[in-house]
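Participant: Provided below are the primary sequence and the corresponding predicted coordinates.
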Amino acid sequence: MSNDNRQEAAARPPSGSASLIPPPDATAPVRHPDAPAPGELLGSHYEHCFGCGGLQPHGLHLEARAREGVRVTAEFTVRPAHQGAPGLAHGGVLATALDETLGSLNWLLRVIAVTGRLETDFVRPVPVDSVLHLDAEVNAVAGRKIYCSAVGRIGSPEGPVAVRASALFIEVKVDHFIDNGRSEEIQAVMADPDQVRRTRAFEVNP
Ligand SMILES: CCCCC/C=C\C/C=C\C/C=C\C/C=C\CCCC(=O)SCCNC(=O)CCNC(=O)[C@H](O)C(C)(C)COP(=O)(O)OP(=O)(O)OC[C@H]1O[C@@H](n2cnc3c(N)ncnc32)[C@H](O)[C@@H]1OP(=O)(O)O
């Protein structure tokens, strides 16, 4: 694709499916009063998470930072292990980086939620060793449904757009993980009082 065509593609509104368009009764997202201050790192929601976990050797090690409103930013350095084509990031890895960044928005709402739908536009190839600057925000909320979008730019927050995503997250209770997770890992997190306290605090969402 030529540079002109890429710029045109980057400027196009995301071609999302109907289920990613907030319904008429959707409301603007409300930042929780106890959300981390703008500029603060959010921290990992689970240390073995492939997206953000510090103890996950194969992971992306994304660190999301709170911004104003219900918005976060994160940086992802593309490593040789993330290749799909020679020297270029795998699209699924880029989708994971978008998913993780979007998922971290729920810290600002103080809601536990999982990805129901994630639609990704791959606008330009992302070379190994480049830093992808991700910027995500919640656009609307309707009941348990959280509508959000993200963009990833190469090299700097003002760099060329490489990827974009629209997503629908669905609020769940802690039981979602207890009922569905493998018992070995669930027992390990249940034995960690900090993890349980943090997760339960989110569930109450005062
Ligand atoms: C104490 C120990 C705790 C241990 C936990 C430790 C840490 C946990 C803390 C936080 C971690 C949280 C998340 C992780 C964060 C970041 C990682 C990135 C995010 C992910 O990577 S996360 C993994 C991938 N994700 C999944 O693994 C979800 C699999 N899935 C399901 O588990 C169900 O599918 C679910 C729950 C999504 C819905 O199921 P459900 O039965 O609760 O609700 P239902 O189906 O009724 O949907 C309600 C309304 O959403 C609409 N809706 C649903 N799905 C839709 C779709 N796909 N497209 C369009 N609309 C959809 C319906 O149409 C309906 O709409 P309406 O209300 O208008 O009718």
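Facilitator: Happy to help now that I have it. Numbers count the residues shown, from 1 in each chain.
Participant: contacting residues around the residue of the chain found nearest the ligand?
Facilitator: Closest to the ligand within the chain is Gly103: 2.8 Å, counting by Cβ to the nearest ligand atom. Placement of C-beta: from N, CA and C, glycine included. Taking Cβ atoms under 8 Å, 6 or more residues apart in numbering, we find Gly103 in contact with His45, Gly51, Ala113, Val114, Thr115, Phe169.
Participant: Confirm it sits in a helix?
Facilitator: Yes. According to DSSP: H, G, I helix; E, B strand; the rest coil, Gly103 belongs to a helix.
Participant: tell me which residues of stretch 38-57 are tucked away?
Facilitator: Using 16 or more other Cβ atoms under 10 Å as the burial criterion, the residues of stretch 38-57 that qualify are Leu42, Ser44, His45, Tyr46, Cys49, Phe50, Gly51, Cys52, Gly53, Gln56.
Participant: Which residue is the nearest non-sequential neighbour of Ala142?
Facilitator: Among residues not flanking Ala142 along the chain, Ala26 sits closest, at 4.0 Å (Cβ to Cβ, 6 or more residues apart in numbering).
Participant: Over to that neighbour: give its phi and psi.
Facilitator: Per-residue torsions, Ala26: phi -70, psi 150 (degrees, to the nearest 10).
Participant: what does the average pLDDT come to for stretch 47-63?
Facilitator: Averaged over stretch 47-63, pLDDT sits at 95.
Participant: ok, and what's touching that stretch?
Facilitator: For stretch 47-63, contacts defined as Cβ under 8 Å, 6+ apart pick out 41-42, 44-46, 64, 74-76, 81-82, 93, 96-97, 99-101, 103-104, 134, 185.
Participant: Can you select the buried ones among those residues for me in PyMOL?
Facilitator: Those of these that count as buried under 16+ other Cβ under 10 Å are selected in PyMOL with:
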select buried, resi 42+44+45+46+64+74+75+76+82+93+96+97+99+100+101+103+104+134
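Participant: of all the residues in the protein, which ones are close to the ligand?
Facilitator: Residues of the chain lying near the ligand by Cβ under 6 Å from any ligand atom: 19, 45-46, 51, 99-100, 103, 112, 114-117, 143-145, 168, 170, 172, 174, 177-178, 189-190, 196, 199.
Participant: ranges for the helices of this structure?
Facilitator: Taking DSSP state H as the criterion, the chain carries its helices at 3-11, 91-104, 106-109, 175-180, 183-190, 193-204.
Participant: Average pLDDT for the first one, rounded please.
Facilitator: This means helix 3-11. Helix 3-11 comes out at a mean pLDDT of 58.
Participant: Same check on the shortest one?
Facilitator: Averaged across helix 106-109, the pLDDT comes to 96.
Participant: For that helix, C-alpha coordinates in PDB please.
Facilitator: Taking Å, rounded to 0.1, in the frame of the first residue of the first chain, the C-alpha atoms of helix 106-109 are listed here in PDB:
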ATOM      1  CA  ASN A 106     -12.000  -1.200  33.400                       C
ATOM      2  CA  TRP A 107      -9.700  -0.200  36.200                       C
ATOM      3  CA  LEU A 108     -10.900   3.400  35.700                       C
ATOM      4  CA  LEU A 109     -14.500   2.300  35.900                       C
END
